[in-house]
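S.K.: Pasting a predicted model and its sequence here:
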Amino acid sequence: MSSKTSTVTVDGTSAELPVKEGTIGPSVIDISKLYSQTGMFTYDPGFTSTAATESKITYIDGDKGILLYRGYPIDQLAEHGDFLETCYLLLYGELPTAAQKADFDYRVTRHTMVHDQMNRFFTGFRRDAHPMAIMVACVGALSAFYHDSTDISDPHQRMIASMRMIAKMPTLAAMAYKYSIGQPFVYPQNDLDYTSNFLRMCFAVPAEEYKVNPVLSRALDRIFILHADHEQNASTSTVRLAGSSGANPFACIAAGIACLWGPAHGGANEAALKMLEEIGTPDRIPEYIAKAKDKNDPFRLMGFGHRVYKNYDPRARIMQKTTHEVLNELGIKDDPLLDVAVELEQIALKDEYFIEKKLYPNIDFYSGITLKAMGFPTSMFTVLFALARTVGWIAQWSEMIEDPSQRIGRPRQLYTGSPERDYVTLAQRG
Ligand code: SDX
């Protein structure tokens with residue numbers, strides 16, 4: 001604990017506030033006693049300068065473009081490990097031994113099936129229902145099937161619920177995709193690895209044997225690693241806030257999925273691909289760059305900019321490399337969308353507006369091109385983001401539940417509404 005303090009003085013009233021230092025990164029001023037000492041709140045809509053929690057899971061240095069999961073750089077994890085290894089690391093805090101990895105893979109694999117009555121939820125949806133709407137509904141509904149793992153005070157039940165969430169997200173995501181194209185659901189197969197199992201559940205048909213392409217499976221597994229966690233982003237903060245009331249983990253993850261859906265957050269991968277399709281050809285890029293810079297135009301370059309990264313998103317670099325790998329494997333020599341994306345990036349990165357505002361491509365800029373090439377429809381892009389981020393949400397939720405100082409999250413406000421006034425009857429209102 002640092003002995004440093006920070007003093008806040010307003011109208012002669014001072015509060016001496018402790019400073020807490022982390023392992024790396026910015027220190028914090030602990031303002032929890034500010035209101036009791038000064039009668040004032042801090043004000044920070046969007047939390048641009050506010051740490052909502054202490055965490056040991058993920059660290060981002062936005063200026064240097066660094067992302068660490070439990071201290072390990074994202075590029076090393078993406079290069080050397082697989083997604084379930086990353087899941088183990090995020091949940092338990094250490095890389096697994098061979099025996100621990102084998103046991104973890106075995107446990108996850110044997111939770112991949114969903115209750116067969118889940119199938120009935122799907123028939124209530126139109127075929128063209130957005131799969132994210134289906135995921136919010138079905139993941140929330142899981143709490144109706146697993147009462148035995150909603151006692152969040154029991155660590156064993158919390159771990160079972162964590163396994164169930166990580167294992168069942170691919171199954172539900174594949175079911176949402178199959179339902180949208182009118183094909184029968186494909187059950188998980190226990191002799192396949194996590195991501196190969198997911199690809200088979202999405203693209204296999206009963207009429208013929210499905211052969212997993214190992215290059216595509218490896219690429220998608222790496223994409224899942226890149227999306228697994230990201231500190232206190234909007235959807236993770238939503239999961240933590242929902243969990244702080246004691247809500248069950250399935251309901252909390254459903255809340256996280258709902259928040260991720262927004263185009264400013266996880267919905268950006270779908271929006272970025274639609275933007276590239278709308279631009280269509282490189283010669284139309286200047287028109288869209290001008291729109292993005294026009295204060296009176298709400299248009300933004302989707303897949304560009306980030307609250308924390310004021311340098312290149314390290315995930316975007318790996319994503320770009322993976323895009324080329326997948327297109328080469330699929331024999332896609334000249335993808336017009338990729339041409340537009342590469343040209344758009346080069347123009348934007350040289351443009352004064354983007355340089356001054358430190359706007360770089362983020363993870364969502366290239367992911368859509370890759371996923372589309374793999375055969376996923378645009379509407380499934382954010383579902384895949386949610387599939388991968390589930391482990392991050394669960395790890396952050398568990399950390400919050402296990403924090404002895406944890407209390408229900410209840411922000412205050414700056415009230416600028418009407419002062420107290422007496423009721424006026426209808427007759428008196430004229
Ligand atoms: C994700 O938080 C996370 O970690 C999220 C995420 C994760 O893994 O969980 O990394 C995943 O959500 C990535 C971000 C995906 N979203 C998009 O690509 C949508 C497009 N980007 C923007 O909407 C925006 O950049 C945000 C939402 C990502 C960040 O918004 P901020 O931090 O609130 O920044 P801002 O809106 O205050 O923008 C600062 C300035 C503004 O101009 P001024 O008002 O200062 O003049 O930059 C401009 C903005 O207008 N700006 C953009 C822009 N992004 C910001 N201008 C044009 N195009 C853009 N994309």
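M.R.: Ah, there it is. Numbers count the residues shown, from 1 in each chain.
S.K.: secondary structure element for the nearest residue to residue 333 once chain neighbours are set aside?
M.R.: Leaving aside its chain neighbours, residue 333 sits nearest to residue 327 (7.9 Å; criterion: C-beta to C-beta, 6 or more residues apart in numbering). C-beta coordinates here come from the backbone N, C-alpha and C atoms, glycine included. For residue 327, the host element (DSSP states H and E) is helix 314-329.
S.K.: does the ligand sit close to that helix?
M.R.: No - using C-beta under 6 Å from any ligand atom, helix 314-329 stays clear of the ligand, coming no nearer than 7.5 Å.
S.K.: what's that helix in contact with?
M.R.: With C-beta atoms under 8 Å, 6 or more residues apart in numbering as the test, helix 314-329 has contacts from 65-67, 73-75, 78, 213, 215-216, 219, 222-223, 226-227, 333, 335, 338, 360-363, 365-367, 369-370, 373-374.
S.K.: For the ligand, tell me which of those show up nearby.
M.R.: Answer for those near the ligand (C-beta under 6 Å from any ligand atom): 362-363.
S.K.: Which of the contacts of helix 314-329 fall in helices?
M.R.: Secondary structure assignment (DSSP state H) places 74-75, 78, 215-216, 219, 222-223, 226-227, 338, 365-367, 369-370, 373-374 from the contacts of helix 314-329 within helices.
S.K.: right, and residue 89 touches residue 80 too?
M.R.: No - counting by C-beta atoms under 8 Å, residue 89 stays clear of residue 80, with 11.8 Å between them.
S.K.: Kindly export stretch 251-259 (C-alpha atoms) in PDB.
M.R.: This file holds the C-alpha atoms of stretch 251-259, laid out as PDB (Å, rounded to 0.1, in the frame of the first residue of the first chain):
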ATOM      1  CA  ALA A 251     -28.000 -13.600 -16.400                       C
ATOM      2  CA  CYS A 252     -24.800 -11.600 -16.100                       C
ATOM      3  CA  ILE A 253     -23.300 -13.000 -19.300                       C
ATOM      4  CA  ALA A 254     -26.600 -12.300 -21.100                       C
ATOM      5  CA  ALA A 255     -26.300  -8.700 -20.000                       C
ATOM      6  CA  GLY A 256     -22.700  -8.600 -21.300                       C
ATOM      7  CA  ILE A 257     -23.800 -10.000 -24.700                       C
ATOM      8  CA  ALA A 258     -26.500  -7.300 -24.900                       C
ATOM      9  CA  CYS A 259     -23.900  -4.500 -24.200                       C
END
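S.K.: helix/strand/coil for the closest residue to residue 72 other than its chain neighbours?
M.R.: For residue 72, ignoring the flanking residues on the chain, the nearest one in space by C-beta to C-beta, 6+ apart is residue 89 at 6.9 Å. At residue 89 the chain is in helix, as set by DSSP: H, G, I helix; E, B strand; the rest coil.
S.K.: So between residue 89 and residue 80, which is more surrounded?
M.R.: When residue 89 and residue 80 are compared for neighbours, residue 89 comes out ahead with 24 against 10, by other C-beta atoms under 10 Å.
S.K.: Tell me how far the more buried one lies from residue 392.
M.R.: 11 Å (C-beta to C-beta, to the nearest Å).
S.K.: just residue 32 next, same as before
M.R.: Look at residue 32 and residue 392: by C-beta to C-beta, they are 26 Å apart.
S.K.: Among the two, which residue is more densely surrounded?
M.R.: Using other C-beta under 10 Å, the more surrounded residue of residue 32 and residue 392 is residue 392, with 26 against 9.
S.K.: Could I get the buried residue list for the helix or strand hosting the more buried one?
M.R.: According to DSSP H and E, residue 392 maps onto helix 381-402. By 16 or more other C-beta atoms under 10 Å, the buried positions in helix 381-402 come out as 381-401.
S.K.: Next: stretch 240-249.
M.R.: Within stretch 240-249, the residues that count as buried by 16+ other C-beta under 10 Å are 240-244, 247-249.
S.K.: May I have the residues that are in contact with residue 8?
M.R.: Going by C-beta under 8 Å, 6+ apart, residue 8 touches 14-15, 17, 34, 38.
S.K.: go again using 10 Å as the cut-off
M.R.: Shown in contact with residue 8 (C-beta atoms under 10 Å, 6 or more residues apart in numbering): 14-17, 29, 31, 34, 37-38, 40, 42.
S.K.: Mutual contacts of residue 89 and residue 392, please.
M.R.: Listed as contacting both residue 89 and residue 392 by C-beta under 10 Å, 6+ apart are 57, 69, 228-229.
S.K.: ok, and of the residues you listed, which contact the ligand?
M.R.: Of the shared contacts of residue 89 and residue 392, not one also sits near the ligand (C-beta under 6 Å from any ligand atom).
S.K.: Next one: residue 181, what pLDDT does it get?
M.R.: At residue 181, the pLDDT value in this model is 97.
S.K.: isn't it right up against residue 377?
M.R.: Yes - counting by C-beta atoms under 10 Å, residue 181 touches residue 377, with 8.2 Å between them.
S.K.: who has more neighbours, those two?
M.R.: residue 377 (14 against 9).
S.K.: Spit out the contact partners of the more buried one.
M.R.: Here residue 377 is in contact with 131, 177, 180-181, 270, 371, 383 (criterion: C-beta under 10 Å, 6+ apart).
S.K.: Repeat that for residue 54.
M.R.: Residue 54 sits next to 20, 22, 28, 399, 403, 405 when contact means C-beta under 10 Å, 6+ apart.
S.K.: ok, and for the helix holding residue 327, which residues are buried?
M.R.: For helix 314-329, using 16+ other C-beta under 10 Å, the buried residues are 314-320, 322-323, 325-327, 329.
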